[in-house]
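Trainee: Below is the structure, and that's it, no one-letter string:
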């Protein structure tokens, strides 16, 4: 045992069986001796066999504190240290429930030692005790984490005061630990709820097959983008894309192959879009694209490139390479067409024109009357 370190086990009446030898306790700092459970007696907490560490340079003062504890109603296992090194060793070995520190210690004060010990043993309650009362020291001690600040003369006049202070400090610390446990459980529960909410959001807003927006949500986003573009006077175009002769793939290779082909084309389209653009599955083999800050000519150029990209990008389904094409119908926001319903009607009409003109082409137009712009890019 180190110089200045003393282990003294004492218990208040009624007497209890002798505790196990110290050599059988806590061979490592992470394996402390069994901690008795907390029980209640009336309205006053009672904790059986608390482990207390008294750190005081004066052996007479340590005797005073030990005697005061033994005059209380609780049972204690008391360890003593005369300086910081021994206090660190005893704290690591026995993990005391409460540590009583003299304010003035050899080479350092009790508050700085308390800070050091709390890093080693955050579950312990700390009490600072001094020969003479000092309001500034008391404030500093409490701000640094002490549960209480006591004056030795007060303990001498009222020995039970120390017992009550230790019991209250340990009980408060146990409540803090329980509160931390509850808060951690709540944090975990909130995390689980957040993850569940994200899954629910994905399920309700995306298409299960392609993982892109479903029809209901892409239409809701179209309404939002129309409002934003109208407010800030920005161009906006939409595109309806339909895969040509897709039914043949399902009939020839099966629906599983058709699903894989649909996924591959959807990813190909998404890779060509900007981060600000949106894609959603609008029907069986039909997609709606929202091209933000893009006018009609710009949308036509983009779709023409995408049309060629799909045509020259065979899709691998199992051991089969499928050549696919798509048709495009484009509509743009204008003074005459300001709603999602109108834009979708025009885009659908232009998509029909692309199909009627032979498929694998882009049709862009402002409207469906004879005097409105009509562009067929094949």
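Mentor: Looks like it arrived, so ask away. Small disclaimer: the values here were computed from a predicted structure and weren't measured.

Trainee: I'd say residue 277 and residue 289 touch.
Mentor: Yes: counting by Cβ atoms under 8 Å, residue 289 is a contact partner of residue 277 at 6.6 Å. To be clear about C-beta, it is placed using only N, CA and C from the backbone, and glycine gets the same treatment.

Trainee: Which one's more surrounded, these two?
Mentor: The residue with the greater number of neighbours, taking residue 277 and residue 289 and applying other Cβ atoms under 10 Å, is residue 289; the counts read 27 against 19.

Trainee: Now that one: closest residue in space, sequence neighbours ignored.
Mentor: residue 239 (4.1 Å; Cβ to Cβ, 6 or more residues apart in numbering).

Trainee: Next: residue 288.
Mentor: Using Cβ to Cβ, 6+ apart and skipping the chain neighbours, the partner closest in space to residue 288 is residue 282 (4.2 Å).

Trainee: least trustworthy helix or strand in the chain by mean pLDDT?
Mentor: Within the chain, confidence by mean pLDDT, DSSP states H and E is lowest for strand 38-41 among all helices and strands, at a mean of 37.

Trainee: Residue 152 and residue 62 touch, don't they?
Mentor: No: with contact defined as Cβ under 8 Å, residue 152 does not count as touching residue 62 (11.0 Å).

Trainee: all helices of the stretch 101-250 of the chain, in order?
Mentor: 110-120, 135-143, 152-157, 160-205, 215-232, 246-253 (DSSP state H, counting those that start in this stretch).

Trainee: Can you tell me which helices and strands the shortest one packs against?
Mentor: By that I understand helix 152-157. Helix 152-157 makes packing contacts with helix 59-70, strand 125-130, helix 160-205 when contacts are defined by 3 or more Cβ pairs under 8 Å, 6 or more residues apart in numbering; DSSP states H and E.

Trainee: so of these, which one's packed in deepest?
Mentor: Neighbour counts (mean count of other Cβ atoms under 10 Å) averaged over each of those peak at strand 125-130, with a mean of 25.

Trainee: helices or strands up against it?
Mentor: When contacts are defined as 3+ Cβ pairs under 8 Å, 6+ apart, strand 125-130 sits against strand 98-102, helix 110-120, helix 135-143, strand 148-151, helix 152-157, helix 160-205.

Trainee: Save the ones you listed as CSV, and put in distance to residue 214 and mean pLDDT too.
Mentor: What follows is those, written out as CSV (distance: least, Cβ to Cβ, whole Å; pLDDT from 0 to 100):
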stretch, distance to residue 214, mean pLDDT
strand 98-102, 61, 94
helix 110-120, 53, 92
helix 135-143, 56, 86
strand 148-151, 62, 90
helix 152-157, 73, 88
helix 160-205, 6, 94
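
Trainee: Dump the ones you listed into CSV; add distance to residue 359 as well.
Mentor: CSV is the format used below for the helices and strands packed on strand 125-130 (distance: least, Cβ to Cβ, whole Å):
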stretch, distance to residue 359
strand 98-102, 83
helix 110-120, 73
helix 135-143, 78
strand 148-151, 85
helix 152-157, 96
helix 160-205, 31
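
Trainee: Looking at those, spot the one closest to residue 68.
Mentor: Comparison of the helices and strands packed on strand 125-130 against residue 68 by Cβ to Cβ identifies helix 160-205 as nearest, at 4.3 Å.

Trainee: what angle separates that closest one from helix 59-70?
Mentor: 70 degrees (axes from the mean of the first three to the mean of the last three Cα atoms, to 10 degrees).

Trainee: Report the inter-axis angle for helix 160-205 versus strand 98-102.
Mentor: 130 degrees.

Trainee: now helix 160-205: how far from the chain's centre is it?
Mentor: Distance of helix 160-205 from the chain centroid (Cα atoms, centre = their mean, to the nearest Å) equals 14 Å.

Trainee: just the angle between that helix and helix 215-232, please?
Mentor: Taking the same axes, to 10 degrees, one finds helix 160-205 and helix 215-232 inclined to each other by 90 degrees.

Trainee: Who are the packing partners of helix 160-205?
Mentor: Here helix 160-205 is seen to pack against strand 44-47, strand 50-55, helix 59-70, strand 98-102, strand 125-130, strand 148-151, helix 152-157, helix 215-232 when contacts are counted using 3+ Cβ pairs under 8 Å, 6+ apart.

Trainee: Where does residue 345 sit, in terms of helix or strand?
Mentor: Following DSSP states H and E, the helix or strand that holds residue 345 is helix 340-356.

Trainee: between that helix and helix 215-232, how big is the angle?
Mentor: Taking the same axes, to 10 degrees, one finds helix 340-356 and helix 215-232 inclined to each other by 110 degrees.

Trainee: Now do helix 340-356, average pLDDT.
Mentor: Per-region confidence: helix 340-356 scores 96 on mean pLDDT.

Trainee: picking up where we left off before, surely the residue nearest to residue 288 touches residue 215?
Mentor: Yes: counting by Cβ under 8 Å, a contact exists between residue 282 and residue 215, whose distance comes to 5.4 Å.

Trainee: what residues are shared contacts of those two?
Mentor: Counting by Cβ atoms under 8 Å, 6 or more residues apart in numbering, the residues touching both residue 282 and residue 215 are residue 288.

Trainee: who's more crowded, these two?
Mentor: Set residue 282 next to residue 215 and count neighbours by other Cβ under 10 Å: residue 282 wins out with 22 against 14.
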